[in-house]
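[1] Let's see this in three dimensions:
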Amino acid sequence: MFEERQGSHYVYGELMRTHGVSPYSKSVPRVQPFNGTDKKFVVFDAEDIVSVVGLLKETGDESTFQYVLRTGDAFEKDMSATAGQVKKMFNLSIIKNK
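    Numbering: from 1, shown residues only. So this is what the prediction gives:
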């Protein structure tokens, strides 16, 4: 009656208001979070994580932009065409096979 399958682990993440690239390098993504009560969140399966990233705040002039950084391999040379596209943020081959 019930399918036997492994359990899932879910991740709670914050969505960003804008997505783009750094004005200094097109290989460094830059995001801007929603303000205060406008924040938006998403829940997804941990298996869909492609890479663990960190956010580094931009300083000066009350900027709210944050740079997306990761260890290991660099991002694509020019991310300006794909920044913020959902299909680039998750491993869709895993999602399609479920």
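[2] Poorly predicted segments of this structure, please.
    For the chain, the stretches with pLDDT under 70 are 1-5, 74, 84-98.
[3] What is the neighbour count of residue 48?
    Number of residues near residue 48 (other Cβ atoms under 10 Å) recorded here: 15. C-betas here are computed from N, CA, C, even on glycine.
[4] ignore the last one, residue 31
    Using other Cβ under 10 Å, residue 31 has 20 other residues around it.
[5] Report the buried residues of the strand or helix carrying it.
    Per DSSP states H and E: residue 31 is located in strand 29-33. By 16 or more other Cβ atoms under 10 Å, the buried positions in strand 29-33 come out as 29-31, 33.
[6] which of those residues lies closest to residue 14?
    Residue 14 lies nearest to residue 33 out of these, by Cβ to Cβ, at 6.6 Å.
[7] Name the nearest residue to the closest one, ignoring sequence neighbours.
    Spatial nearest neighbour of residue 33, excluding adjacent residues (Cβ to Cβ, 6 or more residues apart in numbering): residue 16 at 5.5 Å.
[8] and the one you found, what does it touch?
    By Cβ atoms under 8 Å, 6 or more residues apart in numbering, the residues touching residue 16 are 31-34, 84.
[9] And these, which is closest to residue 45?
    Using Cβ to Cβ, the contacts of residue 16 come closest to residue 45 at residue 84, 20.3 Å.
[10] Just give the closest residue to residue 57, not the sequence neighbours.
    residue 66 (5.3 Å).
[11] Could you pull out the helices in the chain for me?
    86-89, 92-96 (DSSP state H).
[12] who does residue 21 bridge with?
    Residues in a beta bridge with residue 21, per DSSP bridges, are residue 29.
[13] That one against residue 79, yeah?
    Yes. With contacts counted by Cβ atoms under 8 Å, residue 21 reaches residue 79, the gap being 5.4 Å.
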